[in-house]
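*Asks:* This is a predicted model, with the sequence first.
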Amino acid sequence: MENNITRDDLDQIEAGIRRKYSEVSKSPEGQFQYPTGRKGLEALNYDKTLIDKLPDAVASSYCGVGNPFSLGKIHEGEHVLDVGCGAGVDTILAAMMVGPNGSAVGVDMVSEMIARAESNLKMTSMKNMSFQTTNSENLPFPDDTFDVVISNGVINLIPDKEGALAEIIRVLKPRGRLMVADQIAVVSVEKDIQARVASWFQ
Amino acid sequence: MLQKVGFADAQMVAETGFNSSPKTKGTLFRAAKAANFSAEKGKAQGDPLSKYQEFFDETYAQGALDRKTKHLIALGASLAAGCEA
């Protein structure tokens, strides 16, 4: 599917994504077609006992497209990676689920989103988690590190999806689980490359 | 694509109703890393022997010369070069 997309096109896509998400890092309100913030979390049936523990300022930065935790239970003591964590709301919820003997790490390529995630983290008392700015095609972790990888609305934005998924499977432990909420194209992709680049993150 | 990089049990589970545009649907999916996963096995096309087989098949494929003629030329060339095997 990546056929004929040039390096310049990829740079243009990445610049567009960085531009949009540096805005989203301030507030996701009005940036998406679906509810964001606490309304989004409630509409997607996140565990109420957990979301009630989130300070309002943290919950307001949520802009996920689904509830990856609805795909399976996260157990106490597990290690979770959130790929494209954005403002880190899912990462914080994962850290609550795994408890003090487990850990959660969030990575995102947009440094403004990681800055927002770190400021969100400071508003909680969580100690078993961290955030890193990194490209998801090159995850800075050894093989077989995580029990679970979650991701919410991000893989659709990555031009080299196969490279990103190969990295995810590398850092997952054997029998590790991938749980993803994402946007999937329901009509054929734009034939014209320029139109595809322009509409990359519709 | 999940299977291509070696994931097992890939399942599309549900739609979320949170759609970014009329062209895309919010979707939940999951997969697991097999207990016996190996990155090399995941990339069978990277196997050097299968690459050699591809080269071999391509070389002897029917072209301006047919397969039998190509094999006879190769046999003649190898005998002339002193190959014994």
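*Replies:* Nice, I can see it. Residues are numbered from 1 along each chain as shown, chains lettered A, B, ... in the order given.
*Asks:* What is the neighbour count of the closest residue to chain A within chain B?
*Replies:* Residue nearest to chain A within chain B (CB to the nearest CB): B:Thr16, separated by 3.5 Å. To be clear about C-beta, it is placed using only N, CA and C from the backbone, and glycine gets the same treatment. Applying other CB atoms under 10 Å in any protein chain shown, we find 25 residues neighbouring B:Thr16.
*Asks:* can I assume it is in contact with A:Ile184?
*Replies:* No: under the criterion of CB atoms under 8 Å, B:Thr16 makes no contact with A:Ile184, lying 10.5 Å away.
*Asks:* Give the residues shared as contacts by these two.
*Replies:* Residues touching both B:Thr16 and A:Ile184 by CB atoms under 8 Å, 6 or more residues apart in numbering or on different chains: B:Thr27.
*Asks:* ok, now which ones touch A:Ala87?
*Replies:* Listed by CB under 8 Å, 6+ apart, the contact set of A:Ala87 reads A:24-25, A:28, A:58, A:61-63, A:113, A:116-117, A:120.
*Asks:* how about a cut-off of 10 Å?
*Replies:* The contact partners of A:Ala87, by CB atoms under 10 Å, 6 or more residues apart in numbering or on different chains, come to A:21, A:24-25, A:27-28, A:58-64, A:106, A:108, A:112-121, A:131.
*Asks:* What is the three-state secondary structure of it?
*Replies:* What DSSP: H, G, I helix; E, B strand; the rest coil gives for A:Ala87 is coil.
*Asks:* Okay, buried residues for the strand or helix carrying A:Ile169 please.
*Replies:* Take DSSP states H and E as the rule and A:Ile169 turns out to sit in helix A:161-171. Residues of helix A:161-171 classed as buried by neighbour count (16 or more other CB atoms under 10 Å in any protein chain shown): A:161, A:163-171.
*Asks:* now swap in stretch A:13-27 and tell me
*Replies:* A:13-14, A:17, A:21, A:24-25.
*Asks:* hang on, the residue of chain B closest to chain A packs against A:Leu71?
*Replies:* No: at 11.0 Å, B:Thr16 does not count as touching A:Leu71 under the criterion of CB atoms under 10 Å.
*Asks:* okay, and the common contacts of these two?
*Replies:* Contact criterion CB under 10 Å, 6+ apart; residues bridging B:Thr16 and A:Leu71 by contacting each: A:181, B:28.
*Asks:* Can you name the residues of chain B that neighbour chain A?
*Replies:* Taking CB under 10 Å from any CB of the partner chain as the criterion, the neighbours of chain A within chain B are B:1-2, B:4-39, B:42-43.
*Asks:* hmm, which of these are the buried ones?
*Replies:* B:2, B:5-7, B:13, B:16, B:18-20, B:23-34, B:37, B:42.
*Asks:* Which residue does chain A have closest to chain B?
*Replies:* The minimum distance from chain A to chain B, using CB to the nearest CB, falls at A:Gly66 (3.5 Å).
*Asks:* What's the local residue count around that residue?
*Replies:* By other CB under 10 Å, 28 other residues sit near A:Gly66.
*Asks:* cool, and A:Gln132?
*Replies:* Per other CB under 10 Å, the neighbour tally for A:Gln132 reads 14.
*Asks:* again, but for A:Ser151
*Replies:* 26.
*Asks:* Just the element for it, please.
*Replies:* Counting by DSSP H and E, A:Ser151 is part of strand A:146-152.
*Asks:* from memory A:Thr134 sits against A:Ala164, does it?
*Replies:* No: with contact defined as CB under 10 Å, A:Thr134 does not count as touching A:Ala164 (11.5 Å).
*Asks:* so what's in contact with those two at the same time?
*Replies:* A:Val83.
*Asks:* quick one on the thing from earlier: min pLDDT across the buried residues of helix A:161-171, which one?
*Replies:* Note: of those, the lowest pLDDT belongs to A:Lys161, at 86.
*Asks:* How much space separates it from A:Gln132?
*Replies:* 21 Å (CB to CB, to the nearest Å).
*Asks:* and B:Leu72, what helix or strand is that in?
*Replies:* Counting by DSSP H and E, the element that carries B:Leu72 is helix B:67-80.
*Asks:* and that helix, average pLDDT?
*Replies:* 88.
*Asks:* swap in stretch A:73-86?
*Replies:* The average pLDDT within stretch A:73-86 is 97.
*Asks:* Also stretch B:27-40?
*Replies:* 86.
*Asks:* just how off-centre is stretch A:19-31 within its chain?
*Replies:* Put simply, stretch A:19-31 sits 14 Å off its chain's centre (CA atoms, centre = their mean, to the nearest Å).
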